[in-house]
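Participant: Coordinates only, no sequence provided:
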């Protein structure tokens, strides 16, 4: 009898854990996008008010950001300082390829690519406006994912618990 109780507990733990893992993936995407927005706002502020060179901005931002952004920004800043003749967008894309998609969710990786494309404008004002448009797009995506997470997390948790109960009923 106690074996059935242990087996049922394991089944319920696995089913609920699976549901929580799915909800965690949605939360991970949102947290990566918020971190990218934080990076974007920092870059906008530095360009707007302090007019620092972009290599210096990325180096300082690397110190503030967590992994995997720290390594990426440090490498990009170092390559900009090397003055190899490549544009920032090219360096950004090359370093982003090295930052594998396994490290961050697919959606966050896509927006990180898009952020690199924003560096192609000439003049501070034009670049700031492009960053502001990208910031609005990030805000909309974060809001959409937050709404989706609220709706889906309740459904996923309920279905995973019900699936666990169904498995217990079927197998015991």
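Facilitator: Thanks, I have it. All of these numbers come straight from a predicted model, not from anything done at the bench. Numbering: from 1, shown residues only.

Participant: low-scoring stretches of this protein, by residue?
Facilitator: The model of the chain has pLDDT under 70 over residues 99-102.

Participant: Pick out the residue closest to the middle of it.
Facilitator: Closest residue to the average C-alpha location of the chain: residue 32 at 2.3 Å, with Cα atoms, centre = their mean.

Participant: what about it, distance to residue 66?
Facilitator: Going from residue 32 to residue 66 by Cβ to Cβ, to the nearest Å gives 10 Å. (Each C-beta comes from the backbone N, C-alpha and C, glycine too.)

Participant: Can you tell me the closest non-neighbouring residue to the residue nearest to the centre of the chain?
Facilitator: Nearest residue to residue 32, sequence neighbours excluded (Cβ to Cβ, 6 or more residues apart in numbering): residue 108, at 3.5 Å.

Participant: And for the one you found, the neighbour number?
Facilitator: Close neighbours of residue 108, defined as other Cβ atoms under 10 Å, add up to 22.

Participant: How far off centre is stretch 163-172?
Facilitator: For stretch 163-172, the separation from the chain centroid amounts to 36 Å (computed by Cα atoms, centre = their mean, to the nearest Å).

Participant: Show me the contact partners of it.
Facilitator: 4, 7, 8, 11, 12, 14, 15, 16 (Cβ atoms under 8 Å, 6 or more residues apart in numbering).

Participant: tell me which element the residue nearest to the centre of the chain falls in.
Facilitator: helix 2-45 (DSSP states H and E).

Participant: same for that helix, what does it pack against?
Facilitator: Applying 3 or more Cβ pairs under 8 Å, 6 or more residues apart in numbering; DSSP states H and E, we find helix 2-45 packed against helix 54-64, helix 69-82, helix 106-117, helix 124-171.

Participant: which residues touch residue 94?
Facilitator: Counting by Cβ under 8 Å, 6+ apart, residue 94 touches 79, 86.

Participant: which element is it on?
Facilitator: Element membership of residue 94 [criterion: DSSP H and E] is helix 88-98.

Participant: That helix: how far from the chain's middle?
Facilitator: Mean-position distance between helix 88-98 and its chain equals 17 Å (Cα atoms, centre = their mean).

Participant: Now do that helix and helix 69-82, the angle between them.
Facilitator: Angle, helix 88-98 to helix 69-82, by axes from the mean of the first three to the mean of the last three Cα atoms, to 10 degrees: 140 degrees.

Participant: I appreciate the help and will end here.
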